[in-house]
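> Provide a 3D model corresponding to the input given below.
(one chain, ligands or ions: 1)
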Amino acid sequence: MEIEKYRQADHNINPIYLKRWSSRAFSKKSVEQEKLNSIFEAARWAPSAANWQPWRFVYAQTEADRGNFLSFINENNVVWCKNAPVLVAIISKTTRNEEGDPNITHAFDTGTAWGYLTLEATRQGLITHGMGGFDRKKAKEVLQVPEEYEVQAIFALGYYDPNVELPEHLEKREKPSDRNPIDTFVFQGEFK
Ligand SMILES: Cc1cc2nc3c(=O)[nH]c(=O)nc-3n(C[C@H](O)[C@H](O)[C@H](O)COP(=O)(O)O)c2cc1C
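Below is the predicted model of the structure:
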């Protein structure tokens, strides 16, 4: 994939940010345990409020576990993510102590961890594709997630295979997307 054809940064950044994109063309090749450990290790070092580290991950690699995930992922995502060798649930702990007081930054901090993880996956030669399209209630039940946790998103992880056959409407979207320039979302002094 020639990323430069689709993405150019306006300012100097590490090219890894451009290289990460959400393909749906997953090879069935399995992911080495060492690489899995590395991506979760990257998540481990994310910052979080009071260092509460509210992120949790449940991953599925076996046929049975992947089947469980496919039971709560929306059909429009199952179409492509069924090929991915690893499916992961991104979960956050909504409380910050034994008394059950809320951690108001649980989702924010868990999102940061996912960001770290996905860049490390790119560095390891893997692809990730996040999904919000799944049944949250069912995911919680199937994965036996305790009450005080929320399933934020699911992602597919694996190797890229440009020769994978995808339905036409998805094949058309198989290219890195662009972004709004920074002056549309960065304001000095006050919100504009
Ligand atoms: C929280 C979240 C939920 C998403 N949900 C879906 C989804 O349900 N199905 C899908 O095909 N892509 C989903 N995506 C992928 C986004 O559409 C994609 O990240 C976005 O278009 C930017 O493209 P890029 O990741 O290739 O840079 C999701 C991404 C995130 C971060």
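> name the SS class of Asp10, please.
Secondary structure assignment for Asp10 (DSSP: H, G, I helix; E, B strand; the rest coil): coil.
> all strands for this structure, in order.
Remark: strands assigned in the chain by DSSP state E are 55-60, 86-93, 127-131, 149-158.
> what parts of the chain come near the ligand?
The chain has residues 21-22, 77, 130-133, 153, 176-177 near the ligand, with proximity defined as CB under 6 Å from any ligand atom. Heads up, the C-betas are built off the backbone N, CA and C, glycines and all.
> correct me if wrong: Tyr6 contacts Ser23.
No - contact criterion CB atoms under 8 Å: Tyr6 and Ser23 do not qualify, at 11.9 Å.
> neighbour count winner among those two?
Per other CB atoms under 10 Å, whichever of Tyr6 and Ser23 has more neighbours is Ser23, with 21 against 13.
> thinking that one is in contact with Glu174, fair?
Yes - with contact defined as CB under 8 Å, Ser23 reaches Glu174; the gap is 6.3 Å.
> specify the angle between the longest helix along the chain and strand 127-131 in degrees.
Using DSSP state H, we find that the single longest helix of the chain is helix 106-123. Put simply, helix 106-123 runs at 150 degrees to strand 127-131, going by axes from the mean of the first three to the mean of the last three CA atoms, to 10 degrees.
> next, the buried residues of helix 106-123.
For helix 106-123, burial by neighbour count (16 or more other CB atoms under 10 Å) applies to 106-107, 109-114, 116-123.
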